[in-house]
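Student: kindly return the folded structure for what I paste below:
(3 chains)
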Amino acid sequence: MSIEIRNIHKRFGDFTALDNVNLTVESGELVALLGPSGCGKTTLLRIIAGLETPDAGRVLFGGEDATHTHVSERQVGFVFQHYALFRHMTVFDNVAFGLSVRPRKVRPSKEEIRDKVMKLLKLVQLDWLADAYPGQLSGGQRQRIALARSLAVEPKVLLLDEPFGALDAKVRKDLRRWLRELHDEIHVTSVFVTHDQEEALEVSDRVVVMDHGRIEQVGAPDDIYEHPASPFVTQFLGDVNLFHGRVDGAHLTIGDYAHPLAAPPGEGQALAYVRPHDLIVSRAADDALASGTVEHIHAVGPLVRIEVATGDGQTLEAVLAKEVFRELAILPGESVFLKPRKVSVFLADGDYSI
Amino acid sequence: MKLLNRQHSVLPGFGLSFGLTLFWLLLIVLLPFAALVLKTADMGWAAFVDTVSAERVVASLKLSFGAAGVAAAINIVMGFLLAWVLVRYPFPGKRLVDALVDLPFALPTAVAGIALTTLYAPNGWLGQHLVPLGLKVAFTPLGIVVALTFVSLPFVVRTVQPVLEDLEKELEEAASCLGASRFQIFRRVIFPATVPALITGGAMAFARATGEFGSVIFIAGNIPLVSEIAPLIIISKLDQYDYLGATAVAVVMLALSFVLLFAINAIQWWASRRHGGKR
Amino acid sequence: MSDVSSRATAEAAWVRVALTTLALAFVALFLLVPLAAVFWEAFSKGWQLYVDSLTEPEAWSAIKLTLLTAAFAVPLNLVFGVAAAWAIARFEFRGKSFLVTLIDLPFSVSPVVAGLMYMLLFGAQGWLGPWLAEHDVKIVFAVPGIVLATVFVTFPFVARELIPLMQAQGADEEQAAMVLGASGWQTFWRVTLPNVKWGLLYGVILTNARAMGEFGAVSVVSGHIRGETNTIPLHVEILYNEYNFVGAFACASLLAFLALLTLVVKSLVEWKIARAQAASLNRTREARLASA
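Tutor: A predicted model of the protein is given here:
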């Protein structure tokens, strides 16, 4: 079932949580809402669920207006950030809840409910915990039970609020992969909220980047990472080095350095972003963007991170593969030159909101 | 944003629960209050002043509020000590003592009244040892203080206890590392943190004690001008069908307690702002 | 709290012993001795006289009236308390803190003044007095007045127990139930109520203790008609003033026993709540350790 969000506005007192948001989620897609805290992503998710009412705008499920459908009739699955498992019920009763509260006429029989619940518990690989209480489970287990509970009512769409937010790094990673696999298996239209760009890029089919109540960019993870549409998206998706320069014609100039642009954004003052792994470190001065003294070298793992202090007090960061680093054999205190492999350029006074 | 999100608008039943609350509040609390206000309005200003400035009434109001003040002061000191010992020091029977602190909430005041009177009467368990020392408790204002201390005992303990429990050990350890002595730590780190709770607890104890009746009438002796409390004046005026007089005294009592509660709320608001942000 | 870890932040041993002794002496003098005195006096003339004091007709009628009063006041305030807690803990609305203040109001009103207010409303010289007399409805000096005064003084207990509890628990579970298709009543009965049952029980038991033990307010509206409008506390007063100490303390011991029962239930409830919280906390910690 597809979800369409049209011209949604939402304010809390003086705070604008959502400012004219439009978005379409295709049937069967897994979409991530990504942004810093306060950007409106959770509010948007709750509006889709029907837990909040928008001040203006419409929500359509499969082309039909659901804006005024009450949450208990919207047939959505919602996984709360802190799971919201019913603490006085067993795992079984938690998962069975949605079926057992149906009106008698449409309620499945006890046996059907049991079969269904056990099937779901098997799906989340926790059927052995059916008689346990939520208080006895680990965070990751609670998360999976919350998911099973939301799936029991066969929701048209599945909504997850920071599904891995409260978990440890390792559990988080396992669950991420597991959610991806589960989605590939059941293929229900899913939207999840996260502030972790790695999570969004790794799990989802499409990423929606939000800031200040507006959508900054929508696209496939790879597309967003390689072609960020605004300075905000560029910075939010990972570490960057910032340079100030000018665009004239088809060239970006930063001091004496000139970089050819295939698609110049216009003319004038510009912000240029270079990711650390797109900076080439060398001892040769030719064609360098910047130069400086090596301050720190962090050589743990397959990648080596080098901090370079430039003459004007800026600290630049470069990341290179260990083999490249070994060949160069740089030491702290040495002077080096930096050259960009790839630059993202934005006009300084541009408007990038969509 | 999390905070603003807490508009639980999807849950139903607001109209029903709010309506029921308002209806019950109107019927049980506000309607009787209205009756009191109307009756007061019936009374001329001169008659009102006459009634409440009578010597017996003034003495009783002074006694009620004075004894309540002394009892609250005792409970602020002893309540803090009790809370401190319950939180910090291990001793056998701690759970029992902790449970017993709530006894004055659970024990009917009349029962407390007769028990205390029997104990402190000149021939009682405690009275027979105190009277030879020149300490007459029963049938004197001192007895009133004892009874009021009893009924308002749990308030300070129960407001200070959670604050002491939540106090971070690290604060004290940090102060200790910085060279503060144990007493300095208490005076400058621990005690200030408990001040808002002490004020709240003391205010609640005071408010409870000013209106107390059941436990006091037995031990007070009810001697006019000496040990007659304000609620008793109201009762005796009612017994003489002097509804207006009773109302006048009640209005003064209510006004005094409201003014005091308001002042204490203001102090508390100021204190929590000063120590602000902490919780 | 182990001695070793807290050495840097603990008092000298003599200070601890002195403070503990002082505190325990205070508890013994002000709480334990009066409680013991009640039972001591009640049984001072033997078991037979104790039983006789409780079974004589006037005592028996006081017991029945007290039970009747509680049977009205407790359920009424239970329903009100739950409704108030639902409105206050689950919704945002203007004037909420004012409403909370109004609910707390009966706590800051002297019971005697509370009784007086009902006299002014329903008494012979009261606001509705003439109308009530005309229609032959008796409220003050009768059971309805006693129930009303009792409802007034026990008004805030249930709401005050539930509101902080429900606010602390948040509405997540209820929202989850709604998303899963539950109706409002289903959510209330199957999610809200089981989660607050212990707090609710404590509120009810406090209401009950106060309802059965209220003296000041009931004293004003009861009229002290022996065998008719005397509750146990009022009966205790009469017996005591007649120097029938065994009778007075025998009835008082019933109320003291009720108070002890209240304390036991309270401790039990606190233990239950603490255990539930500790369990979920421990689990989270274990899970974190296991995955680290």
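
Student: how about the longest helix anywhere in chain A, which residues are buried there?
Tutor: With DSSP state H setting the assignment, residue counts place helix A:169-186 as the longest helix in chain A. Under the neighbour-count criterion of 16 or more other C-beta atoms under 10 Å in any protein chain shown, helix A:169-186 has A:171-172, A:175-176, A:178-179, A:182-183 buried. Heads up, the C-betas are built off the backbone N, CA and C, glycines and all.

Student: ok, the residues you listed vs chain B, which is closest?
Tutor: Distance to chain B across the buried residues of helix A:169-186 (C-beta to the nearest C-beta) is lowest for A:Arg172, with 20.5 Å.

Student: which helix or strand contains the closest residue to that closest one other than its chain neighbours?
Tutor: In space, A:Arg172 comes closest to A:Phe164 once its chain neighbours are excluded; the distance is 4.5 Å by C-beta to C-beta, 6 or more residues apart in numbering or on different chains. According to DSSP states H and E, A:Phe164 maps onto no helix or strand at all.

Student: the residue nearest to the spatial centre of chain C in helix, strand or coil?
Tutor: Nearest residue to the geometric centre of chain C (C-alpha atoms, centre = their mean): C:Leu206, 1.9 Å. For C:Leu206, the secondary structure call by DSSP: H, G, I helix; E, B strand; the rest coil comes out as helix.

Student: confidence score at it?
Tutor: C:Leu206 is assigned a predicted lDDT (pLDDT) of 89.

Student: what does A:Gly350 give?
Tutor: Note on A:Gly350: pLDDT of 68.

Student: ok now do the residue nearest to the centre of chain C, which residues does it touch?
Tutor: C:Leu206 sits next to B:105-106, C:157, C:161, C:262, C:266 when contact means C-beta atoms under 8 Å, 6 or more residues apart in numbering or on different chains.

Student: could you check how far the residue of the stretch 151-279 of chain B at minimum distance from chain C is from B:Met253?
Tutor: Minimum separation of the stretch 151-279 of chain B from chain C (C-beta to the nearest C-beta) falls at B:Gly211, amounting to 2.6 Å. Using C-beta to C-beta, to the nearest Å, B:Gly211 is found at 7 Å from B:Met253.

Student: okay, and the common contacts of those two?
Tutor: Shared contacts of B:Gly211 and B:Met253, defined by C-beta under 8 Å, 6+ apart, comprise B:231, C:110, C:113.

Student: and which of the buried residues of helix A:169-186 is nearest to chain C?
Tutor: Nearest to chain C among the buried residues of helix A:169-186, with distances taken as C-beta to the nearest C-beta, is A:Val171, at 5.0 Å.

Student: just the pLDDT at the spatially most central residue of chain B, thanks.
Tutor: The residue lying closest to the centre of chain B (C-alpha atoms, centre = their mean) is B:Ala205, at 1.8 Å. Per-residue pLDDT puts B:Ala205 at 91.

Student: doesn't B:Asn75 make contact with it?
Tutor: Yes. Counting by C-beta atoms under 8 Å, B:Asn75 is a contact partner of B:Ala205 at 4.9 Å.

Student: what is in contact with those two at once?
Tutor: Common neighbours of B:Ala205 and B:Asn75 (C-beta under 8 Å, 6+ apart) are B:152-153, B:155-156.

Student: who wins for most neighbours among those residues?
Tutor: Comparing those by number of neighbours (other C-beta atoms under 10 Å in any protein chain shown), B:Val156 comes first, having 30 neighbours.

Student: is C:Val147 in a helix, a strand, or coil?
Tutor: Applying three-state DSSP: C:Val147 is helix.

Student: name the element the residue nearest the centre of chain A belongs to?
Tutor: In chain A, the centroid-proximal residue (C-alpha atoms, centre = their mean) is A:Ala200; its distance is 3.1 Å. Per DSSP H and E, A:Ala200 falls inside helix A:197-203.

Student: got the buried residues for that helix?
Tutor: Buried residues in helix A:197-203, counted by 16+ other C-beta under 10 Å: A:197, A:199-201, A:203.

Student: my read: B:Asp102 touches C:Leu263, true?
Tutor: Yes. With contact defined as C-beta under 8 Å, B:Asp102 counts as touching C:Leu263 (5.8 Å).

Student: give me the number of residues near B:Ala46?
Tutor: When neighbours are defined as other C-beta under 10 Å, B:Ala46 has 8 of them.

Student: now do A:Glu64
Tutor: Residues lying near A:Glu64 (other C-beta under 10 Å) number 10.

Student: B:Phe91 too?
Tutor: Residues near B:Phe91, counting by other C-beta under 10 Å: 14.
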